[in-house]
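> let me see the structure of the following:
(chains A, B, C and D)
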Amino acid sequence: MTGLMGGWATLAAAGGGAAAHAAPGIPAPGAGSPIALLLLGLPLLAAALCGVFAATGNRSKLPAFTSVAALGACFGIALMLFLNWNGQPATARAFDWISLDWGAGKGQSFDAHFGVYIDGLTLLWMLFVTGLATVIALYSMEYMSHDVGLGYCRYFAAFNLFVFSMTALVMGDNLLMLFLGWEGVGLCSYLLIGYYYKRAAAVAAAKKAFIMNRIGDLGLLMGILSTFVVFGTIEYAPLFQMIASGKTASGAELASHWSVWGIPLMFAVGAFGKSAQFIFYTWLPDAMEGPTPVSALIHAATMVTAGVFLIGRLYPLFTADPALIALSVVAWAGVITALWAATIEMAIFDIKRVMGYSTISQLGFMFAGMGLLTPTGAAFHTFTHAFFKATLFLGVGAVMHGFGGQLDLRRLSGVMWMRGFGLVGIAMLVGSINLSGVPFTAGFFSKDVILAQAFTTPGTMIWGAQAAAWLLLLTAGMTAYYTFRTFLRVYVGPREFVPGDDAELLDLGRHPKGVSLDEWHAQHGHGHGHGHGHDDHGHGSDHRAAVRPDFDPTTEEFDPHPPGWSMKAAIGLCMVLSILAAGVYFMKPAVGNHGGWVAGMVGQSSAAFASPGEHHGGAAEHAAKLGTFLGYDPHKVMYYVSAGVGLIGILIAAFLHGPRGVWSLFIGNRTSAAVAPRADALANLFGPLTRAARNKYYVDEIYDALVRTPLRVLAHIFHILDQGLVDGLVNLCGALPRMLARSLRPSQSGVLQGYAVGMAAGLGLILIVVWVLMLR
Amino acid sequence: MSTPLLMTMLGAADQPLPMVEKLRYLVPEMILFIATVVVMIVGLSPNRAVRRSCAAVSIAGLAAAGAAAAFGPAFEGGVLPGLMPFAKVLIAAVGVLLVMVVTGTVDRDFEGEVSRGAAFDALRGNRAEFYAFALFSLTGLMLVASADDLIWLFLALELTSLPTYVMVSISTARSRSQEAGVKYFFLGAFGAAMFLYGFAMLYGATGTTALYGPGSIAEVLAARAASGEGLGMLATLGLVLSIVGVSFKIAAVPMHFYTPDVYEGAASSVSAFLAFVPKAAGFLTIILLLAAVGWHFGPAGTALPEPIRVTLWVMAALTMTVGNVLAVMQKSVKRMLAYSSIAHSGYMLVGVIVGPGSQAGATGSLQSNGLAAVLFYLLCYGFMNLGAFAVLAVLEKRSGGEREEIETVEDLKGLCRTQPLMGWTMVLCALSLLGLPPLLGFWGKFFLFTSAIGAGEIALVVVMGLNSAIAAYYYLRLVGAPLLESSDAGASFTEAPAPARKWAAVLSAASVLVLVLPAGWLIQRANNATGVRPPTTPMKASGGTADSASTSAPAVRAAR
Amino acid sequence: MLSFLLIIPLLSALAIGLAPERASKGLAMLGSLLALAAGAAVVASFDWGRGSAFQFAAALPVVPELGVTLSLGVDTVALWLVVLTVILQPLCVLGSFSAITERTRTYYASLMALQAAMLGVFLARDLIFFYVCFEFTLVPMYVLISLYGSTNRRKAATKFFLYTFTGSIIALAGLIYVAWVAATRVPDAAGWTFDIATLRSAAQAHLSPTEQGWVMLAMMAGFAVKVPLFPVHTWLPLAHTEAPTAGSVILAGVLLKLGTYAIYRFVLPFVPVAVVEYAHVVAALSIVGILYGGLICWVQRDVKKLVAYSSVAHLGFCMLGMFALNAAGVQGSILYMINHGLSTGALFFLIGFMYERYHTRSLEEVGGLGSKMPIWSTFMVFFMLASVGLPGLNGFVSEFLCVMGAFQSGAYTLGPGGTAGPLGPWYAFIAGFGMIVAAMYLLYMTGRIVFGPLREPPGHDDHGHGHAGSHEGGGLPADLTAREVVVLAPIAALCLFLGVYPKPLIATLEGPVNDKVQMVLSLGNAAGAAPAGAAGGER
Amino acid sequence: MATLADGLHLSVLAAAAEPAAIAPAIGLYHYLFVSAALFALGVIGFLTRRNLIIMFLCTEMMFQAAGIALIAFSRFHLNHTGEVFVIFVLTIAAAEAALALALVVLLFRRKETLDASEWAALRG
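Presented below is the predicted three-dimensional model:
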């Protein structure tokens, strides 16, 4: 335990190393530049402008230009902040948001400001968030051009709002600000997934994403509240200081306090929800209903890594627990998620969903990294993954864009060789080798850090660390396999394709730029316009027959629609960045001497943590027995092992899916399209398992049966109860007088004697009552 | 009037006041009596203008009586010394409005014939006796307020009731009125026999008919209570019989049966009269009787003797419930209002149970004086109920050449638009009857609530609250029909050719609004009016013994 | 000063009643704007330094013998609710221009009379005056529902009236009991008084714990119906569904707040011992309301009913916060009153605007309006998000504070951030599921009505849109008109502002709320109902 | 005198058969018994008879029952108040009788029957 406590590097005090346990923790933050606040302001401004454009009926690409400019400026600011950063955490405040006071004592005021907290983790995230956002905005400029007008404005408004929320999440100087961003990104994700709002699937997916996220958010909220109750603050700076002091705000020993494992677990639930970890993950594949650039930015690169960020942000708390319960949970959730998603990916055919599951799987790696005590690895993997996964998504998006929304990997082949798709193919290759962990790629290095640490971390610290490590290694191999399965089937091989449902639209409907699809429909006499066509171009597959009864999408008439300059530029940029991302591994870290630039950034942040096995010169941590990889030092051998595993995966893919042996990989061969890949036979071999995987192991159905349906039934029961019982009782009370009246009414018979009898009887009764009372 | 004679016959030796002295208190009654006589003569005049002055003379007489009462002395010899001025002014005020409402009730066809040239035949005209009966009844009511003796009380009650029997019977030419009359009279006589028998028992138990003063019922019973033996069986029986009998006048359960039939059968104007005059008489009687007994029994020494309290409790709860519940079902407005008048009696009985809320002798505190609340409620009820009936009396509908009274709630539809003045009067009065703040009815209920809470009668308060809610249901119909619904095509109202009725309606509606302002002043007056005098002979601390009637020692006043 | 707030609406109601039919719109607008100006003047001249003091006190003894006084005064809590009322009123008037075309005089007169009564409730410093206004709101609302509502209006209006009337009579009994105690048990009490402050101290000093329990029960019987708290909520969906648009807006926006405000003003300070003892019961009912109401929303087909049930759920949060009895909870609760008024009010406006065009509120008949009514849809999504409690919008601030209050309440054993109080983290946790349920039903609603393929009721003239004079929808264009946007935009701006910068409210509410909380807890715990050491959260 | 004093309490009426209580003279309770019996007969008659005139006579019986009681008490208390009362009661009874006969005539003219149950149009 002391080792762990000491494990927090106190990186401000220079010379990382011997600082060890007596360290006072993270220093009090300095005053940050208020310019950092512009990072929040600019996207918001851009979003507002997009709203104005929408209101004024703008039908140009102005929203896109505005967004690119604003986000570019944000990236510039982030870069400037980074360059001017002195390695110390800093805060800057805009104004009070929610702050209450109910006493002078400790914990008797609640403060949540609109303010930013800048440290290494923040900057790391901000750099890739703003950078990628700029690039993807550029890409979207063209990608969304079919919807110029209201939809375009809507798209970019939500896009900018997303960046704002992500910024708030990452940069906020307190947990509530993080929560603001947290829910904000959820909202934007909702809005963007549901961008094609006429399509039921998109709307359902959006709803699902938001609600699943909200479940996690409840955990986060409870975590925030518990944090406040226990520590009396939710602002990072004082919070970290208090944790570092090892005491709760009431002076209790933190290490033995329930909060040390309880609160992290609550946060972990939040993180699982947002980052689509096991049991919460089902929303992410569905989220692929959104426009592809959105998937690239939100559902691959940035938003879904918020969970990783959260754990990194609160790493001091997670590691304060001597038993590391929460981190074990995180680690195993990550491992299971990674493996689970990988198995699904190997079976499904929708290339966009493959990317979606792959994201889940990679997020699993990140969580495993966090859980297995290498925040550096997790952050590094997040960083590299952001670029190469964005590249992959943008590439997929280009294919969708070009082939009428076709996503089935069985219906696409040799895309790379088609006119205008070369760059896309290359980008996909770059992305794939990164994802597969081919040596010397960014993905290789980042995954390696995690794997190595996984083997190093002893099981005494993280429960079952060794088993987790092996599973991760297995997953790495599977990753390589499914990545290349997609690549080999779609991008290389014979040039063949079946255009998607939106083909007709793209082929015929080269509608003039600046005219929205709605109008286009109107011009073509489809005023009622309730298309539910497929995916991005969300309209009018139904119209095909009406417009051109003889249209056959498989004929040569379809002309794949190559990406234009802005898409190409974006893809290219992403590709280059994902290659360059490898370079940061070799940069000298600002802190410590291991792990590259990212390690330095992480080291200068709340996630700073000396992973077991990292030699900082201190001897204390070696008290814990480190794990090994079959007796070797994992840090040393893992490069080779993981490279080997990755290659095996690729080779299997090549064997199973490569159309004509290895050499034909790079030669377009038009003749072999019909040949069923060998994988199909293998897939049949697994039979039910494959089918289950293809159906996502029926998890959605299970949730439906276990949660949604019972709730729905319950809701109906409540509704009936409400009307029948609760309101019924009220109505009964209301009817009582009437019922009573009915029974009393005969007494008013109108007959004189009847009344007299009533009077006499009444008198008699009263006399009896009085008599009884007198006798009593 | 026979009052001075009565006093002599009752044995003036016991009376603290000389006969002539006592006449001072009866000035209002005498004025009214004179007015009655004048009306009887004037109404027979062959001159139409003179005949028509009946109403004016009656109103003048009432006004004068009211003024005389207002400036008259407090009745030092009464058990409730302050009651007289307040009650009489109230009676005069409501009486003026009542007379306005009853104008034009009788002789319409006859007068029509006369104006068409038929010879005036005094025998056929009912005008003179009708107004005279109304004034007689009001005189009787005032005499009830002045009563200090059972005999007086009995006579005053009969004076109040007997004319009303006739009024009901002759109010319209239809057989319904006669049916109403016969039911009213026969059941009234039945009830009268009951309280007469009760009075006899009381006299038998105490040997006196005086309510207050040395050797009076109040003293005897107080002494008996003080000696710890309770009221005694005979006195209790007498009281219960009297109360039950008198509750015919206030239309309380179990004597309520006649109410809807009679109100429905009589002309609306006369129903308005019935809804106030006998009711006021009944409550004044009950208050006087109970004041003689005193609210110094029960465990805390602040309640009625337990059997009486229970009797009244049950009667109150049943009365409000039965009244409200049966009103819910009614389609006929008059029946609805009749049942609602039953319910209102139930509310007022709560105040009676509570009593003056303070030890005898002290002026009741404003917080807990149930009797003041009853008097105030009587006032509120008088105005708001009168307003509602007046609207019915004003409006007539024509069907097939026959003029008919407003019958069902449906007939009121859209009244606010066709007859805005009457419509809004109805709405205001119904809302006030409902007890909606800030109208007068709310304040009436408010004081009943406060006094009952003060007396710890929480259960009754709850019953009362629930009943108010039930009542809201049917009053809302009276609000909704004129205000919210639109009138049926073809239905047209004409106004009865008696403009005074309209004025009475408007005045009632106005008072429902305006009297809110002096509500405090009024309740203060009512409070002053209901200070119960302590018995003249000193009383030992009482309490806790009253309801134990089984104690064997027979309480006999030593024979003189 | 405050009296203008009462006189202006009353006079304009009167003027509308007397003026010809065609002038009523204008007069109502004028009156409500003048009231808004009066409200603004009050805000401008309010002394914020003394937020917890009642300011602009004015007293006109109406019935001096009884101590009934037309006594006015505002502290910040009342002030903000007044502001809410005066802001919503002109919008309601404006929003009714096209919806109400018949009997406009009665309509606008009722609307203005209603405003006067509601303002009276917030301004009253005299119990009787309060109660008079509290009850009087029923009549105009009854008129509004039963004249201008939809098919089942008469039943709804009657139920609304009777249900709340019954409750408040019982509440009146409780309040009078307090007044009676004040008049009789307080040494040298000068007879009746209904001054709220006097009654409060009398109640605190002279009511035994048992009596407090009964008084609380009585008061809650009236006020909880108004709130409405589960299980006495069933009048609300019906009333909301049947009421005209502006009626629903006022009902949700202000009328329900009369109940919560009354609880804040009377229940908490009058019977602190009972409040502390029974807070968990109320909180449990609130939580049931949150989840139960929320789930019921989820299966509604009538969109207006859905929003109506959502009020049950939302007000559950409000009550939860209130009975957390700590600064965060009570502040959150008060903010909730305002925020719910804004966002739910706006939702009712939106549904009303839709109803004017389609004459149906069924989610099965109408849907996918995003493509046809983009402006409407934008507002719909916006207010849905405000309602769902998205951070950055107003709903979140209050919802968070309420949940936080419940969490902290009684959690002083866990750490210094906890406070004394009767609830605990579990309450917050379970209530937190309500936030998920809220997302479920609100997204379900938007998913159907805004998103998805366009569905219009049969017979709705599709070609009519864009043309003036489309016969259905009263000649309204497909999307919102400028007038309708003007109705919604201020609310949206407020929602945003209060979500981002609630500080003006929080800072000004702090004083009175902290005082109240301290008072309730110290008195409530003094009776030994709570564990030692809990008082005031001092540690 | 003791027995007479006891007669004040109705309970004593029941015990009248006790040998010790048998008084040689007719005492208060005898009168009271007659009075009560008369009253009861009046009530029963009122309830059972349908002829309006007989019903009216029954109420008169009830009045006179009260009168007997009053006289008896008057004698018992040795004052005249009760007797005075009775005279007034008789007056009232006479007035009522006049009223009743007038009414009966009126009714008979209209329906040619004196059956009370014929008059039940108003009800509910």
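> can you give me the strands for chain C?
Taking DSSP state E as the criterion, chain C contains strands spanning C:55-63, C:68-74.
> wait, does the last one contact chain B?
Yes - figure legend: strand C:68-74 in contact with chain B (Cβ under 8 Å from any Cβ of the partner chain); contacting residues residue C:68. Where C-beta positions appear, they are placed from N, C-alpha and C, glycine not excepted.
> who are the packing partners of that strand?
On a contact count with 3 or more Cβ pairs under 8 Å, 6 or more residues apart in numbering or on different chains; DSSP states H and E, strand C:68-74 meets helix C:2-18, strand C:55-63, helix C:104-123, helix C:127-136.
> the first one near chain B anywhere?
No - where contact is defined by Cβ under 8 Å from any Cβ, no part of helix C:2-18 touches chain B; the two come within 10.1 Å at best.
> and that helix, what does it pack onto?
Packing partners of helix C:2-18 (3+ Cβ pairs under 8 Å, 6+ apart): helix C:24-45, strand C:55-63, strand C:68-74, helix C:76-95, helix C:104-123.
> relative to residue A:250, which of these is closest?
Ranking the helices and strands packed on helix C:2-18 by their distance to residue A:250 (criterion: Cβ to Cβ) puts helix C:76-95 first, at 31.7 Å.
> any idea of the angle that closest one forms with strand C:68-74?
Angle of helix C:76-95 versus strand C:68-74, following axes from the mean of the first three to the mean of the last three Cα atoms, to 10 degrees, is 90 degrees.
> now the angle from helix C:76-95 to helix C:24-45?
Using the same axes, to 10 degrees: helix C:76-95 against helix C:24-45 is 160 degrees.
> got the angle between helix C:76-95 and helix C:2-18?
Going by the same axes, to 10 degrees, helix C:76-95 makes 20 degrees with helix C:2-18.
> would CSV of the helices and strands packed on strand C:68-74 with mean pLDDT, mean neighbour count and distance to residue A:578 be doable?
Below are those laid out as CSV (pLDDT from 0 to 100; neighbours: other Cβ atoms under 10 Å in any protein chain shown; distance: least, Cβ to Cβ, whole Å):
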stretch, mean pLDDT, mean neighbour count, distance to residue A:578
helix C:2-18, 88, 20, 65
strand C:55-63, 81, 16, 64
helix C:104-123, 91, 26, 61
helix C:127-136, 90, 25, 67
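> now those in a markdown table, with distance to residue C:87?
Formatted as a markdown table, the helices and strands packed on strand C:68-74 follow (distance: least, Cβ to Cβ, whole Å):
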| stretch | distance to residue C:87 |
| --- | --- |
| helix C:2-18 | 13 |
| strand C:55-63 | 19 |
| helix C:104-123 | 11 |
| helix C:127-136 | 19 |
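> wait, which of the ones you listed is closest to residue A:643?
helix C:104-123 (73.0 Å).
> and the helices and strands packed on helix C:2-18 as JSON lines, adding distance to residue A:346?
Compiled in JSON lines, these are given as follows (distance: least, Cβ to Cβ, whole Å):
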{"stretch": "helix C:24-45", "distance to residue A:346": "65"}
{"stretch": "strand C:55-63", "distance to residue A:346": "72"}
{"stretch": "strand C:68-74", "distance to residue A:346": "68"}
{"stretch": "helix C:76-95", "distance to residue A:346": "57"}
{"stretch": "helix C:104-123", "distance to residue A:346": "64"}
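> centroid-nearest residue for the chain?
Chain wasn't specified; assuming chain A. Nearest to the mean C-alpha position of chain A, counting by Cα atoms, centre = their mean, stands residue A:304 at 2.0 Å.
> let me see the contact set for that residue.
With Cβ atoms under 8 Å, 6 or more residues apart in numbering or on different chains as the criterion, the residues that contact residue A:304 are A:274-276, A:284, A:298, A:359, A:363.
> of those, closest to residue A:413?
Of all the contacts of residue A:304, the one with the least separation from residue A:413 (Cβ to Cβ) is residue A:359, at 24.2 Å.
> who in chain B is up against chain C?
Applying Cβ under 8 Å from any Cβ, we find that chain B lies next to chain C at B:365-368, B:431, B:435-438, B:442, B:446, B:449-450, B:453-454, B:458, B:461-462, B:465-466, B:468-469, B:472-473, B:476, B:479-480, B:483-484, B:516-521, B:523-524.
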